[in-house]
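Asker: model this:
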Amino acid sequence: MIAADVARLATRRPDGTIDLVPFVFAWMPGGEFGSLVSAVDHKPKRSTRLQRLANIAADPAVTVLIDWYTDDWAALWWVRMRGDATELAPGVESDEAVDALVAKYQQYRQRRPDGPVLRIDITQLVGWSANG
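Answerer: This next block holds a predicted model:
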């Protein structure tokens, strides 16, 4: 289980530029490293069809960075994951992903996400910690 509350998701636009956005996620078991899941929620947006969804449809390769910063530099750490992202069709798999998000985030227990759901199958995992 990954205890961090927020990560950064990097996707590639069709013109080759990189979009980097913060996102909330839950980890789910499966495969060598597991998967991260996320959903478009009710926070204000212009649309639920976010740019990251279009980017992933065109190029599913993504990078995720989770880190911890504090003034105590002995406690610093980061984890970088690369993987393949996909938008899940409505159904059991999508419902299980949202269930994992609801279990992790109190805000989602008050209002369950009902937008598009992403799954990132992690293919590479590297990290660093100040204390080894």
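Asker: May I have the predicted confidence score for the residue nearest the centre of the chain?
Answerer: Geometric centre of the chain, nearest residue: F25, 4.5 Å, by CA atoms, centre = their mean. On pLDDT, F25 comes in at 97.
Asker: Contacts only, for it.
Answerer: Contact partners of F25, counting by CB atoms under 8 Å, 6 or more residues apart in numbering, are I2, A7, L36, V37, S38, V64, L101, I120. C-betas here are computed from N, CA, C, even on glycine.
Asker: other SSEs contacting the helix or strand encompassing the fifth one?
Answerer: When you say that, I think you mean S38. Using DSSP states H and E, the element containing S38 is strand 35-39. Packing contacts for strand 35-39, counted by 3 or more CB pairs under 8 Å, 6 or more residues apart in numbering; DSSP states H and E, involve strand 26-28, strand 77-88, helix 92-104, strand 117-129.
Asker: Just name the most buried of the ones you listed.
Answerer: strand 26-28 (a mean of 20; mean count of other CB atoms under 10 Å).
Asker: Give me the contacts around stretch 75-89.
Answerer: Residues from elsewhere that reach stretch 75-89 (CB under 8 Å, 6+ apart): 2, 11, 33, 35-36, 53, 56-57, 60-70, 94, 97, 116-131.
Asker: follow-up on the earlier one: which one of the helices and strands packed on strand 35-39 lies nearest to D15?
Answerer: With CB to CB as the criterion, D15 lies closest to strand 77-88 of those, at 18.5 Å.
Asker: Parallel or antiparallel, list what pairs with that closest one.
Answerer: Its sheet considered, strand 77-88 pairs with strand 61-68 (antiparallel), strand 117-129 (antiparallel) by DSSP bridges.
Asker: Let's have these in TSV, adding mean pLDDT.
Answerer: Formatted as TSV, the strands paired with strand 77-88 follow (pLDDT from 0 to 100):
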stretch	mean pLDDT
strand 61-68	96
strand 117-129	97
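Asker: just to revisit the earlier point, may I ask which two of the contacts of F25 are separated the most?
Answerer: V64 and L101, at 15.2 Å, using CB to CB across the contacts of F25.
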